[in-house]
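> Got a predicted structure here, sequence first:
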Amino acid sequence: MKADIEQQLQRVLSDSATAAVPDSLPVPPRADPATAPSSLSTARKWFVPVAAAVVLCLGIVVTVTLAQNGSHDAPGLGGSIPTVTPRPSDVSGPIHWKAADGCPKSVDLAQVRGGVVNQGSGLSKQLLPTAASPNGVLICSYASNNESTPITNSQLVASTSLESTKASELGSVIRDISLVDHSDGAKCPAYSAGIFMVLIFSYESRPDIDLLYRNTGCESLSNGVSIAYETGNPSFYDGFKSAFERVAGAR
Amino acid sequence: MAESIPAVLDIEGLYQSTYREFLRLAYLLCGEITAAEDCVQDAFMRLADPRNKLREPRAASAYLRACIVNRSRSAHRRKQSARRYLPQLLQSDLPGADVEVVGASRDSALRKAVDSLPRRQREVIVLRFWAGMGTRQVAECLGLSEGTVKTCSHRALVALEESMEGYL
């Protein structure tokens, strides 16, 4: 059986690759920085420092504006374009939903920027407490349709409810996520405004716990007290995301 | 006598002779031909960067392969995000006309199953079974131990067998 699947794998992968890239495919010109247009090299003496200065000034203006607004959207540009964003650092805010109430159909992004807030102890050293085991989790996925600019709210695009076994499995992996920030000044990839998830863990012995999962850009998971980042964190990108993919069918 | 090695790497020659093979590797890892083309061009850009001191041809191939694997990760993630959200935003729940025919094929099901493997397992499977690399070579390319490569490979094959059970 194993040899069979290995042979089939070799054939399928080979067929797939050859179909996409046939031998007759012409090789396009190579993109080479050394063969940049000559006008650029003659202009480089003044162009590079001037361009650098302009970019630096724009960066300062955008950073200051974002800091004043507390917004991740690009002001004046419609807010719908992907932007390189500052790391999300908010760890407390007004989202406090209960699994029994279901997922809200629409969420104001100002509320999301505020993060989540939870009641009870055991949330400062890990994202979920060890003392209690969840009896279910409701996963609410949100996205924005980009029709309104700037984006002010997100719509519910999917909600998944997991029973106690899967909730415990997911909860166990989330408890193991390291809260140490390994990013070491890493720049975040572009994020998509308005895309996020809220995971609502329900318990018998304590109030529900909401986790805000920012699943684009510099991914993070926050319980309102603590926050874990994906960057340089194997317990996040391997442990949590693999388990999340397995139990919730999401990537 | 020591093997003769060109003092200066012929990047253009290497590009012409290996472009299609690297494009196939990138396609299998990214799942999209346009993203794969970007991966390959980006890898050669890095190789041609004057700050890059790598000039040994055999090391250049390994370097390019590692660049493509790294670059394909973000491309594949973007593809998965788009897959997850676009259909919901467009509110289109009608399947394409060819879904039944294409989906019924065992080969396409296996290709889809490979594409949905976790990132590391998918990379190991493509490098082992398409590129024909041994465990040690895969481990060097991905920066993993040989034991991890074997474990990933085993788990991936088990997952693929399970996903193909309905087709056996």
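Looks like it came in fine. Numbers count the residues shown, from 1 in each chain, chains lettered A, B, ... in the order given.

> residue closest to the middle of chain B?
By Cα atoms, centre = their mean, the mean C-alpha position of chain B lies nearest to B:Leu29, the distance being 2.7 Å.

> ok but that residue is inside a helix, no?
Yes. Using DSSP: H, G, I helix; E, B strand; the rest coil, the secondary structure at B:Leu29 is a helix.

> Tell me which helix or strand in the chain has the weakest average pLDDT.
If you meant another chain, say so; for now it's chain A. Scoring the helices and strands of chain A by mean pLDDT, DSSP states H and E places helix A:38-69 at the bottom, with a mean of 64.

> other chain: chain B
Going by mean pLDDT, DSSP H and E, chain B bottoms out at helix B:99-104, a mean of 52.

> who in the stretch 51-200 of chain A is up against chain B?
Within the stretch 51-200 of chain A, the positions lying close to chain B (Cβ under 8 Å from any Cβ of the partner chain) are A:Ala143, A:Asn145, A:Val157, A:Ala158, A:Pro189, A:Ser192, A:Ile195. Placement of C-beta: from N, CA and C, glycine included.

> May I have the helix or strand containing the third one as PDB, with CA atoms only?
Taking DSSP states H and E as the criterion, the element that holds A:Val157 is strand A:153-162. Listed next in PDB are the C-alpha coordinates belonging to strand A:153-162 (Å, rounded to 0.1, in the frame of the first residue of the first chain):
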ATOM      1  CA  ASN A 153     -16.800  47.100  10.000                       C
ATOM      2  CA  SER A 154     -16.400  43.500   9.200                       C
ATOM      3  CA  GLN A 155     -19.100  40.900   8.400                       C
ATOM      4  CA  LEU A 156     -19.400  37.400   9.800                       C
ATOM      5  CA  VAL A 157     -18.300  35.000   7.000                       C
ATOM      6  CA  ALA A 158     -18.200  31.700   8.900                       C
ATOM      7  CA  SER A 159     -18.900  30.300  12.400                       C
ATOM      8  CA  THR A 160     -17.800  26.900  13.600                       C
ATOM      9  CA  SER A 161     -18.800  25.300  16.800                       C
ATOM     10  CA  LEU A 162     -16.600  22.500  18.200                       C
END
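
> In the helix or strand just after that strand, which residues are buried?
Following strand A:153-162 in sequence order, the next helix or strand is helix A:164-175 (DSSP H and E). Neighbour-count burial for helix A:164-175 flags A:Lys166, A:Ala167, A:Ser168, A:Glu169, A:Leu170, A:Gly171, A:Val173, A:Ile174 (criterion: 16 or more other Cβ atoms under 10 Å in any protein chain shown).

> Nearest to chain B, out of the residues you listed: which one, please.
A:Val173 (13.6 Å; Cβ to the nearest Cβ).

> Can you give me the pLDDT of the closest one?
Listed pLDDT for A:Val173 reads 92.

> same thing with B:Ile5?
Looking at B:Ile5, its pLDDT reads 44.

> returning to what we had before: any idea which helix or strand comes after the least confident helix or strand of chain B?
Following helix B:99-104 toward the C-terminus (DSSP H and E): helix B:106-115.

> for the record, mean pLDDT for the helix or strand following that following helix?
Using DSSP H and E, the next helix or strand after helix B:106-115 towards the C-terminus is helix B:119-125. Across helix B:119-125, pLDDT averages out at 91.

> what's whichever helix or strand comes after helix B:119-125 in contact with?
Using DSSP H and E, the helix or strand that directly follows helix B:119-125 along the chain is helix B:135-142. Helix B:135-142 is contacted by residues B:62, B:65-66, B:69, B:120, B:123-124, B:127-128, B:133, B:144-146, B:148-150, B:153 when judged by Cβ atoms under 8 Å, 6 or more residues apart in numbering or on different chains.

> mind giving me the domain ranges of chain B?
By the assignment in automatic domain parsing, chain B contains the domains B:8-93, B:95-168.

> where among those domains is the average confidence lowest?
In terms of average pLDDT, domain B:8-93 trails the rest of the domains of chain B, at a mean of 79.

> now it: how far from the chain's centre is it?
8 Å (Cα atoms, centre = their mean, to the nearest Å).

> Where does the prediction get shaky in the stretch 101-250 of chain A?
A:145-150, A:183-187, A:190, A:250 (pLDDT under 70).

> Distance check, the closest residue to chain B within it against B:Arg136.
Nearest to chain B in the stretch 101-250 of chain A, going by Cβ to the nearest Cβ, is A:Val157, at a distance of 4.1 Å. According to Cβ to Cβ, to the nearest Å, A:Val157 stands 44 Å off from B:Arg136.

> who has more neighbours, those two?
A:Val157 (20 against 10; other Cβ atoms under 10 Å in any protein chain shown).

> thought the more buried one was touching A:Ser141?
Yes. Counting by Cβ atoms under 8 Å, A:Val157 does reach A:Ser141; the two are 5.3 Å apart.

> picking that back up, mark which of the contacts of helix B:135-142 are buried, thanks.
B:Arg65, B:Val69, B:Arg120, B:Glu123, B:Val124, B:Leu127, B:Arg128, B:Met133, B:Leu144, B:Thr148, B:Val149, B:Ser153.

> which of those residues are close to chain A?
Counting by Cβ under 8 Å from any Cβ, B:Arg120 from those sit close to chain A.

> which one of the buried ones among the contacts of helix B:135-142 is nearest A:Asn153?
Of all the buried ones among the contacts of helix B:135-142, A:Asn153 sits closest to B:Arg120, with 36.5 Å by Cβ to Cβ.

> residues touching that closest one, list them.
A:Asp238, B:Leu142, B:Leu144, B:Cys152.

> how about 10 Å then?
A:Asp238, A:Ser242, B:Arg73, B:Leu142, B:Leu144, B:Thr148, B:Val149, B:Thr151, B:Cys152, B:Arg155, B:Ala156 (Cβ atoms under 10 Å, 6 or more residues apart in numbering or on different chains).

> So what's the residue count around the last one?
If you count neighbours by other Cβ under 10 Å, B:Ala156 ends up with 25.

> isn't it right next to B:Asp115, touching?
No. Between B:Ala156 and B:Asp115 there is no contact under Cβ atoms under 10 Å: 11.9 Å.

> got any residues that touch both of the two?
Residues touching both B:Ala156 and B:Asp115 (Cβ under 10 Å, 6+ apart): B:Arg122.

> So A:Leu25 versus chain B, what's the distance?
Using Cβ to the nearest Cβ, to the nearest Å, we find A:Leu25 at a distance of 6 Å from chain B.
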